[in-house]
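Undergrad: Quick one, structure for this:
(one chain, ligands or ions: 2)
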Amino acid sequence: MSLHPVIERVTARIAERSRDLRDDYLARMDALRTRNPARARLSCGNLAHGFAAAGADKPLLRAARGGNIGIVTAYNDMLSAHQPMEHYPALIRAAARNAGGAAQVAGGVPAMCDGVTQGRDGMELSLFSRDTIALATAVSLSHDMFDAALLLGVCDKIVPGLLIGALSFGHLPVLFVPAGPMTSGLPNKEKAAVRQRYADGKASREELLEAEAKSYHGPGTCTFYGTANSNQMLLEVMGLMLPGAAFVNPGTPLRDALTVAATEQALKITALGEHYTPLAKTLDEKAIVNAMVGLAATGGSTNHAIHLVAVARAAGLRIDWDDLDELSRATPLIARIYPNGGADVNHFQAAGGLGFAIRELLDAGLLHADIHCVHGGDLRAQAQEPDQIDLKLRWRAPLVASLDDSVLRTVAAPFDSEGGLRRLSGNLGRAVVKVSAVAPEHRSIEAPARIFDSQDALLDAFKAGQLDGDFVAVVRAQGPRANGMPELHKLTPTLGVLQDRGQHVALLTDGRMSGASGKVLAAIHVVPEAIAGGALALLRDGDRIAIDAEAGALDVLVDAATLAAREPVRFDLAPNHHGLGRELFGVMRQAAGTAEQGACSLFVEG
Ligand SMILES: O=C(O)[C@H](O)[C@@H](O)[C@H](O)[C@H](O)COP(=O)(O)O
Ligand code: SF4
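TA: Ligands and ions are numbered 1, 2, ... in the order given. Prediction:
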């Protein structure tokens, strides 16, 4: 199947726009390449420090023969998705030894659970935790003892952060090692229904806690299709994970077999052998375009409209929301996983999973097949599912037909002819919206603005019975430079209650929403942000706002002269710059680029 013309056009445009930056990046990565074990470059003193506590691996490390893997782990007990990784380093060390190499934990990175911080002050550190993870990844790998890296991380900011950091070591082969989704508990839709009843005063706190605990009930990634599970899909369509490794549950023999296989593969593709596959070669403009197509086709998290920009920048590539919008409009929606439907990621996997989805999109010419996957083949070979036959790891072809077309469909008979993400633009700036989670009848609105300078102010107005009729809730001063661009997902149950009462409502914000947000139209990531000259600061209660997700329009229906004559509101953000560590992130707030630039504080040359 030939490549779809839009895929071809956008890929060429990205390559052209990025040429100087990408050439400079590749030249720097090439200069780091060595045909001997990296540790051979270290002095005796450096090296001795590096193997002093290496026990059984000391002889190999000392002799500088055989590959050495640097493990960067985001293990902690806070994230159910990362908790299973506590024992992965021991498994990886043994597998590396058995394969004639070695592995060492190069460092740990912090990992925030956005579910724990959702709606709380800690969420204002969430986005910059990505940049912090990138910095910690670089510190870990800067020991320069390594010939490959295994990155142990799954969740929201952790995968983008690990990837951004590892891209500074793009001369190394890099594989991601996930733990997989928790088994299905209380369905996400039922959990969301209890939340709405609680928000509406019709359910007790004990009833709510019971529902939450039945939904988030064990080790593994939460089963909704939020940013964490979108990360797993992206890593597969970019070829940065073994085929079908994304959604195998933790604590299973197959999961451990995949971790061992990733270790063996990492040693096979170092510069010491004949199958050298460095990260810089794998993550090129074709892989990034594959990521945007995968996001659109599966209704993935809006957070990737930010993270993918930052990841691409770390690889010397420049992408923007026009690229994302154009690709999304050319890509059919072939998966419906909560919040885009009732199913969870385990149902998706059972229906055919990513192997089926990748094969469908490849056959339609919507993905680049010719990318350099870490498994050694191209993306066509990524479209497989792992299996264990007499304890041996095998890969089998993806299902020919979906086993549940309420969850996973073909490109020929999709859920929607266009993908899940849209860029909006107009006199209020540029924004992003996820349409795949919003019913068609709710994808546009024209209604008066109700202005709030915090999500709690909106919730207080709801509790006071002041949110009646149709309105666009404008929650502003939530951008990266204001307060770290938190997710405002705590608003979802309340806005859902109002919408279910028959009120026509929408959210407009320069903040973010969770990848798990859905149902209510939300125009988010508005750039410029309110405190940086954005038009949101000029809005007044009652201004008529028009949002049309299908047409891609975002406007306030006030004439330009009136708008220009208004004084922008000044925001008191001092309370957001202290508490729970926020006082330590002032430099990142000041250095952050716009959401469309990835809201990243790491690339001073922009
Ligand atoms: O982008 C995301 O996917 C979210 O940040 C997610 O990781 C977060 O944990 C949500 O808050 C979970 O949803 P609930 O808050 O509804 O449990
Ligand atoms: S998916 Fe979200 S809530 Fe679940 S463990 Fe990861 S960060 Fe926490």
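Undergrad: So which residues on this protein come close to ligand 2?
TA: Proximity of the chain to ligand 2, by C-beta under 6 Å from any ligand atom, involves residues 79-81, 113-115, 155-156, 221-222, 226, 228. Glycine gets a C-beta too; all of them are placed from N, C-alpha and C.
Undergrad: same thing but at 5 Å, please
TA: 79-81, 113-115, 155, 222, 228 (C-beta under 5 Å from any ligand atom).
Undergrad: can I get these in a markdown table with distance to G479, neighbour count and pLDDT?
TA: Shown next, in a markdown table, are the residues of the chain next to ligand 2 (distance: C-beta to C-beta, whole Å; neighbours: other C-beta atoms under 10 Å; pLDDT from 0 to 100):
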| residue | distance to G479 | neighbour count | pLDDT |
| --- | --- | --- | --- |
| L79 | 26 | 28 | 98 |
| S80 | 30 | 23 | 98 |
| A81 | 27 | 30 | 98 |
| C113 | 23 | 22 | 98 |
| D114 | 18 | 27 | 97 |
| G115 | 23 | 20 | 97 |
| C155 | 23 | 28 | 98 |
| C222 | 26 | 25 | 98 |
| A228 | 23 | 32 | 98 |
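Undergrad: The closest residue to D156 other than its chain neighbours: neighbour count?
TA: Nearest in space to D156, with sequence neighbours left out and distances taken as C-beta to C-beta, 6 or more residues apart in numbering, is T227 at 4.0 Å. T227: 27 surrounding residues under other C-beta atoms under 10 Å.
Undergrad: same thing with the one 4 residues further on?
TA: Using other C-beta under 10 Å as the criterion, N231 is surrounded by 32 other residues.
Undergrad: Check the gap between the closest residue to it other than its chain neighbours and A335 for me.
TA: Nearest residue to N231, sequence neighbours excluded (C-beta to C-beta, 6+ apart): V159, at 3.9 Å. Remark: distance between V159 and A335 (C-beta to C-beta, to the nearest Å) = 19 Å.
Undergrad: Could you do F128 as well?
TA: 30 Å.
Undergrad: Those two: who's more crowded?
TA: The residue with more neighbours, out of F128 and A335, is A335; 31 against 27, by other C-beta under 10 Å.
Undergrad: What's the separation between that one and ligand 2?
TA: Look at A335 and ligand 2: by C-beta to the nearest ligand atom, to the nearest Å, they are 17 Å apart.
Undergrad: re earlier: what's the residue nearest to D156 in contact with, if anything?
TA: Contacts for T227 (C-beta atoms under 8 Å, 6 or more residues apart in numbering) come out as 114, 155-157, 301, 303-304, 307, 514-515.
Undergrad: Report the secondary structure state of L507.
TA: What DSSP: H, G, I helix; E, B strand; the rest coil gives for L507 is strand.
Undergrad: Any idea how many residues pack against it?
TA: Count around L507 with other C-beta under 10 Å applied: 25.
Undergrad: residues near the nearest residue to it once chain neighbours are set aside, how many?
TA: The spatial neighbour of L507 that comes closest, neighbours along the chain excluded (C-beta to C-beta, 6+ apart), is A522 at 4.2 Å. Residues near A522, counting by other C-beta under 10 Å, number 31.
Undergrad: measure whichever residue of the chain sits closest to ligand 2 to A106 for me?
TA: Closest contact between the chain and ligand 2, by C-beta to the nearest ligand atom, is at G115 (2.6 Å). Here the criterion is C-beta to C-beta. By it, G115 lies 28 Å from A106.
Undergrad: likewise G165?
TA: Per C-beta to C-beta, G165 is found 11 Å from A106.
Undergrad: For the chain, which residues score under the pLDDT cut-off?
TA: The chain contains residues with pLDDT under 70 at 605-606.
Undergrad: so where's the longest helix in it?
TA: helix 5-32 (DSSP state H).
Undergrad: What residues does the closest residue to W321 other than its chain neighbours make contact with?
TA: The shortest distance from W321 to any non-neighbouring residue, by C-beta to C-beta, 6+ apart, is to R423 (4.1 Å). With contacts defined as C-beta under 8 Å, 6+ apart, the neighbours of R423 are 321-322, 324-325, 430-432, 552.
Undergrad: Highest neighbour count among those?
TA: That'd be A431 among those, by other C-beta under 10 Å, with 28 neighbours.
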